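S.K.: Fold the following.
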Amino acid sequence: MANIKSAKKRISQNIKRSEYNKIRKSRIRTSIKKINSAFLDKKNKEEMNKNFIKVESDLAKAVNKGVFKKNTASRLISRLSKKIKLIN
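M.R.: Residues are numbered from 1 along each chain as shown. The predicted structure is shown next:
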């Protein structure tokens with residue numbers, strides 16, 4: 001266990017940030033799954049587009065916060081947009 005006050009604070013900050021990052025990742029994965037399931041059902045294009053916009057903004061925020069790397073987010077967005085273009 002840390003003895004220095006700043007080290008104790010850093011540990012608590014890391015715990016909080018990892019919890020927030022888990023929430024962000026979970027939200028993004030859930031939205032991606034919604035898009036993929038809608039793609040397989042080939043239903044409700046409007047819902048897919050709405051979810052895609054949400055996923056894109058969530059990924060951009062996650063990149064700024066350091067949750068995902070820029071290339072990872074770019075790759076996910078590219079794959080999702082390709083699926084959406086196939087249906088439209």
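
S.K.: drop to CA atoms for contacts and neighbour counts, all remaining ones
M.R.: OK.

S.K.: what residue ranges in the chain score low on pLDDT?
M.R.: Under the criterion pLDDT under 70, the flagged ranges of the chain are 88.

S.K.: what helix or strand is the residue most central in space within it on?
M.R.: When CA atoms, centre = their mean is applied to the chain, the residue found nearest the centroid is I28 (3.2 Å). Applying DSSP states H and E as the criterion places I28 in helix 5-41.

S.K.: Check the offset of that helix from the chain's centre.
M.R.: Put simply, helix 5-41 sits 7 Å off its chain's centre (CA atoms, centre = their mean, to the nearest Å).

S.K.: Give me the helices and strands touching it, please.
M.R.: If you count contacts as 3 or more CA pairs under 8 Å, 6 or more residues apart in numbering; DSSP states H and E, helix 5-41 packs onto helix 45-65, helix 70-87.

S.K.: buried sites along the shortest one?
M.R.: It refers to helix 70-87. Neighbour counts over helix 70-87 (16 or more other CA atoms under 10 Å) mark A73, I77, L80, I84 as buried.

S.K.: so how many other residues sit close to A7?
M.R.: 12 (other CA atoms under 10 Å).

S.K.: distance of it from Q13?
M.R.: Look at A7 and Q13: by CA to CA, to the nearest Å, they are 10 Å apart.

S.K.: got it, and T30?
M.R.: For T30, the distance to Q13 - CA to CA - is 26 Å.

S.K.: closest to M1 out of the helices and strands packed on helix 5-41?
M.R.: M1 sits nearest to helix 45-65 of all these, at 27.3 Å, using CA to CA.

S.K.: buried stuff in the closest one?
M.R.: Going by neighbour count (16+ other CA under 10 Å), the buried part of helix 45-65 is M48, N51, F52, V55, E56, D58, L59, A60, A62, V63.

S.K.: got these as JSON lines, with distance to I23 columns?
M.R.: Shown next, in JSON lines, are those (distance: CA to CA, whole Å):
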{"residue": "M48", "distance to I23": "22"}
{"residue": "N51", "distance to I23": "17"}
{"residue": "F52", "distance to I23": "18"}
{"residue": "V55", "distance to I23": "14"}
{"residue": "E56", "distance to I23": "16"}
{"residue": "D58", "distance to I23": "11"}
{"residue": "L59", "distance to I23": "13"}
{"residue": "A60", "distance to I23": "15"}
{"residue": "A62", "distance to I23": "11"}
{"residue": "V63", "distance to I23": "14"}
